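Q: Here is a sequence together with a model predicted from it:
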Amino acid sequence: MAGRAPDAAAFETMAAAALERLPQPFAAHLGDIVIRVEEFADAETLAAMGIESEWDLTGLYHGYPLTEQSVWNSGDMPPQVTLYRQPLLAEWCESDVTLEALITHVVVHEIGHHFGLSDDDMHALEDQAR
């Protein structure tokens, strides 16, 4: 329907497509990543990150980076990337990029945390995922 913001399912679809475009060797290590979409981060998450406004967090990686995983983490939940829909929609409206490009940017950045990458490495990976 024209004029309506994409729903959480559409965000999940765009995020999954971004994951599928990631090159090897990264793609081989993404099978257990869970993508979640929430409207906003909760107050506890914002406080833990030192973020005052719920509009300032667009995505978050939850889990141990691959560089820190061990057999002792076997009972933990799988790693996940949470996208915060409302802040992403607001950023999209204020920018000149497509929503798909913005979601790809956030997904790649958060996946970068899964691999323990630097910001420069994440930018290079994002360029490959376009």
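A: Good, I have the coordinates. Numbering: from 1, shown residues only.
Q: The host helix or strand of D121 - what's its average pLDDT?
A: In this structure, D121 sits in helix 119-128 according to DSSP states H and E. For helix 119-128, mean pLDDT rounds to 72.
Q: Find the centremost residue of the chain, please.
A: Nearest to the mean C-alpha position of the chain, counting by CA atoms, centre = their mean, stands V107 at 3.2 Å.
Q: what residues are up against the residue nearest to that one when sequence neighbours are not counted?
A: Excluding the flanking residues, the one nearest V107 by CB to CB, 6 or more residues apart in numbering is A18, at 4.3 Å. All C-beta spots, glycine's among them, are computed from the backbone N, C-alpha and C. Contacts for A18 (CB atoms under 8 Å, 6 or more residues apart in numbering) come out as 100, 103-104, 107-108, 129.
Q: for the residue nearest to the centre of the chain, what are its contacts?
A: Residues in contact with V107 (CB under 8 Å, 6+ apart) are 15, 18-19, 35, 59, 81, 83.
Q: can you give me the angle the helix or strand hosting it makes with helix 119-128?
A: Using DSSP H and E, V107 falls within helix 99-115. Using axes from the mean of the first three to the mean of the last three CA atoms, to 10 degrees, the direction of helix 99-115 lies 140 degrees away from that of helix 119-128.
Q: Now do helix 99-115: distance to the chain's middle.
A: 5 Å (CA atoms, centre = their mean, to the nearest Å).
Q: ditto for stretch 30-39
A: A distance of 8 Å separates the centroid of the chain from that of stretch 30-39, by CA atoms, centre = their mean.
Q: please begin residue numbering at 302 from this point
A: All set: I'll call the first residue 302, so the last point we hit is now stretch 331-340.
Q: Quick one: end-to-end length of it, please.
A: End-to-end distance of stretch 331-340: 24 Å, with CA to CA, to the nearest Å as the criterion.
Q: For it, buried residues please.
A: 334, 336, 338 (16 or more other CB atoms under 10 Å).
Q: Near the residue nearest to the first one when sequence neighbours are not counted, how many other residues are there?
A: In other words, I334. What sits nearest to I334 in space, not counting adjacent residues and going by CB to CB, 6+ apart, is P380, at 5.4 Å. Applying other CB atoms under 10 Å, we find 21 other residues in the vicinity of P380.
Q: Lovely, talk soon.
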